[in-house]
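S.K.: Any chance you can model this:
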Amino acid sequence: MSQREWIEKDFYKELGVSSDASQDDIKKAYRKLARDLHPDANPGDTAAEDRFKAVSEAHAVLSDPAKRKEYDDARALFASGGFGSRGGGFDPGSGGFGGAGGFDINDLFGGGGAGGDSGLGDIFGGLFGNRAGGRTTSTRPRRGSDVETDTTLDFREATLGVTVPLRLTSPSACTNCHGSGAKPGTSPRVCPRCNGAGVINRNQGAFGFSEPCDECRGTGSIIDEPCEVCHGNGVTNRTRTITVRVPPGVSDGQKIRLAGQGEAGLRGAPSGDLYVTVRVRPDKVFGRDGDNLTVTVPVGYGELVLGTTVSVPTLEGRVGVKIPAGTADGRVLRVRGRGVPKKSGTAGDLLVTVKVAVPQNLSDDAVAALREYLEAEQASGFDPRSGWAGV
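M.R.: Next up, the predicted model:
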């Protein structure tokens, strides 16, 4: 992207957020727009595809705190009109700032005084890959942007681990030229004007300036015969399916990083990374407490009083859990090593909560037996509310 494009584009407007929006607000806005504009949801709609690309481009800058700061600093600097002449503003028609002395915007990006780097060079160095003061050695192809997506898994899939296919539509290396940008059978050549540096250094009096080479447009190489598919960019927008291995024990909202699976870089530059956010559906039986698996088991009152052994489900089969005689309702029993798998190869515990199930319909014989039991209970001196509420 050229320096002028960085200044003129309003990435905040693309995402529909204010310039002081939080990182979470930016992420939420991008996810909604990306979901609505995704090519899979709008087949054949070129306008939606263009908007999808613009939104992805804006997110790539604003989601990175360092890039966002540089972008904000650049816009604030040029919006201030502090460079004078013809109202001190940026003149899109002329491609730069107007000035009585024919001031060239490229001087701002490449120039530094005899005493060192200029403030502008420091700001834009991170954005455009060149430093002020004429010390630039090369301009390399830009690394591809990171890509974010998400996948939804069942609770047991996320806990035990699973391999899932993901279908992505994003800029990827051109399969025709393998990312070089040159027609198959040919190769880019080193730019003869800048000798592959991508910039031209020049002097104006006491000042030294660096500016992108106009012969190779700052890439350092020239393609005589561009690839007919990607038109020399080395990148095309295509849909691909990749296989993602979700490790055991992943939790809801956790991100998985896949290095080099993001947006392809221009002309063979390294690709960005892919970040997959995992969403986990709740399970009807199991819950989770860190690395521990939780389950609630219904039991009868008599089982708690007399003690018993109950069969309890785990992620892999069932296990017998002994309930000691006199166990209180709501007590948590621990089964070691039957919980959520850990990276170390071990597992958390299974936490079993016993919950009394109260019968709703009793036979006459059962009611009579229960009344007889209550009388015997009272005769023994047992009072369930003894010591409760000051009693």
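S.K.: Show the end-to-end separation of stretch 172-186, please.
M.R.: Start and end residues of stretch 172-186 are separated by 20 Å (Cα to Cα, to the nearest Å).
S.K.: buried sites along it?
M.R.: Judged by neighbour count (16 or more other Cβ atoms under 10 Å), stretch 172-186 contains these buried residues: 172-174, 177, 179-183. Every residue, glycine included, has its C-beta placed from N, CA and C.
S.K.: same question, stretch 145-160
M.R.: Quick answer for stretch 145-160 (16+ other Cβ under 10 Å): 145-149, 151, 153, 155, 157-160.
S.K.: Save those as JSON lines, and put in pLDDT too.
M.R.: Output for the buried residues of stretch 145-160, formatted as JSON lines (pLDDT from 0 to 100):
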{"residue": "Ser145", "pLDDT": "83"}
{"residue": "Asp146", "pLDDT": "88"}
{"residue": "Val147", "pLDDT": "87"}
{"residue": "Glu148", "pLDDT": "89"}
{"residue": "Thr149", "pLDDT": "89"}
{"residue": "Thr151", "pLDDT": "92"}
{"residue": "Leu153", "pLDDT": "94"}
{"residue": "Phe155", "pLDDT": "94"}
{"residue": "Glu157", "pLDDT": "93"}
{"residue": "Ala158", "pLDDT": "93"}
{"residue": "Thr159", "pLDDT": "92"}
{"residue": "Leu160", "pLDDT": "92"}
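S.K.: The residues you listed in helices, which ones?
M.R.: Among these, the residues falling in helices (DSSP state H) are 155, 157-160.
S.K.: picking that back up, so can I have CSV of the buried residues of stretch 172-186 showing distance to Ser344?
M.R.: Below are those laid out as CSV (distance: Cβ to Cβ, whole Å):
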residue, distance to Ser344
Ser172, 36
Ala173, 37
Cys174, 43
Cys177, 45
Gly179, 39
Ser180, 44
Gly181, 46
Ala182, 49
Lys183, 52
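S.K.: Go through those residues and name the one nearest Thr277.
M.R.: Ser172 (20.6 Å; Cβ to Cβ).
S.K.: Tell me where the stretch 201-350 of the chain has strands.
M.R.: 207-212, 221-222, 235-246, 255-258, 274-280, 286-289, 292-299, 308-313, 318-323, 332-335, 350-356 (DSSP state E, counting those that start in this stretch).
S.K.: strand partners of the longest one, parallel vs antiparallel please.
M.R.: It stands for strand 235-246. With DSSP bridges as the test, strand 235-246 is paired with strand 162-173 (antiparallel).
S.K.: Tell me which helix or strand comes right after the strand it pairs with.
M.R.: strand 189-190 (DSSP states H and E).
S.K.: ok so, going back, okay, the buried residues of stretch 145-160 in JSON lines with distance to Arg167 next?
M.R.: Below are the buried residues of stretch 145-160 laid out as JSON lines (distance: Cβ to Cβ, whole Å):
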{"residue": "Ser145", "distance to Arg167": "19"}
{"residue": "Asp146", "distance to Arg167": "18"}
{"residue": "Val147", "distance to Arg167": "13"}
{"residue": "Glu148", "distance to Arg167": "15"}
{"residue": "Thr149", "distance to Arg167": "9"}
{"residue": "Thr151", "distance to Arg167": "10"}
{"residue": "Leu153", "distance to Arg167": "16"}
{"residue": "Phe155", "distance to Arg167": "23"}
{"residue": "Glu157", "distance to Arg167": "18"}
{"residue": "Ala158", "distance to Arg167": "20"}
{"residue": "Thr159", "distance to Arg167": "24"}
{"residue": "Leu160", "distance to Arg167": "23"}
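S.K.: which one of those is nearest Gly249?
M.R.: Nearest member of the buried residues of stretch 145-160 to Gly249, counting by Cβ to Cβ, is Thr159, at 6.4 Å.
S.K.: shouldn't the closest one be in contact with Asn292?
M.R.: No: judged on Cβ atoms under 8 Å, Thr159 makes no contact with Asn292 at a distance of 11.3 Å.
S.K.: Overlap of the contact sets of those two?
M.R.: Val340 (Cβ atoms under 8 Å, 6 or more residues apart in numbering).
S.K.: Which element, helix or strand, includes Tyr30?
M.R.: helix 23-37.
S.K.: Only alpha carbons, please: show stretch 34-53 as PDB.
M.R.: C-alpha atoms of stretch 34-53 as PDB (Å, rounded to 0.1, in the frame of the first residue of the first chain):
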ATOM      1  CA  ALA A  34     -16.800 -10.500   7.800                       C
ATOM      2  CA  ARG A  35     -19.600 -12.900   8.500                       C
ATOM      3  CA  ASP A  36     -22.200 -10.800   6.500                       C
ATOM      4  CA  LEU A  37     -19.800 -10.100   3.600                       C
ATOM      5  CA  HIS A  38     -18.000 -13.400   3.300                       C
ATOM      6  CA  PRO A  39     -17.900 -14.600  -0.300                       C
ATOM      7  CA  ASP A  40     -19.400 -18.000   0.700                       C
ATOM      8  CA  ALA A  41     -22.500 -16.100   2.000                       C
ATOM      9  CA  ASN A  42     -22.600 -13.900  -1.100                       C
ATOM     10  CA  PRO A  43     -21.700 -16.000  -4.100                       C
ATOM     11  CA  GLY A  44     -21.200 -14.000  -7.300                       C
ATOM     12  CA  ASP A  45     -21.600 -10.600  -5.500                       C
ATOM     13  CA  THR A  46     -18.400  -8.700  -6.500                       C
ATOM     14  CA  ALA A  47     -19.500  -5.700  -4.400                       C
ATOM     15  CA  ALA A  48     -19.700  -7.800  -1.300                       C
ATOM     16  CA  GLU A  49     -16.300  -9.400  -2.100                       C
ATOM     17  CA  ASP A  50     -14.700  -5.900  -2.500                       C
ATOM     18  CA  ARG A  51     -16.200  -4.800   0.800                       C
ATOM     19  CA  PHE A  52     -14.900  -8.000   2.400                       C
ATOM     20  CA  LYS A  53     -11.400  -7.300   1.300                       C
END
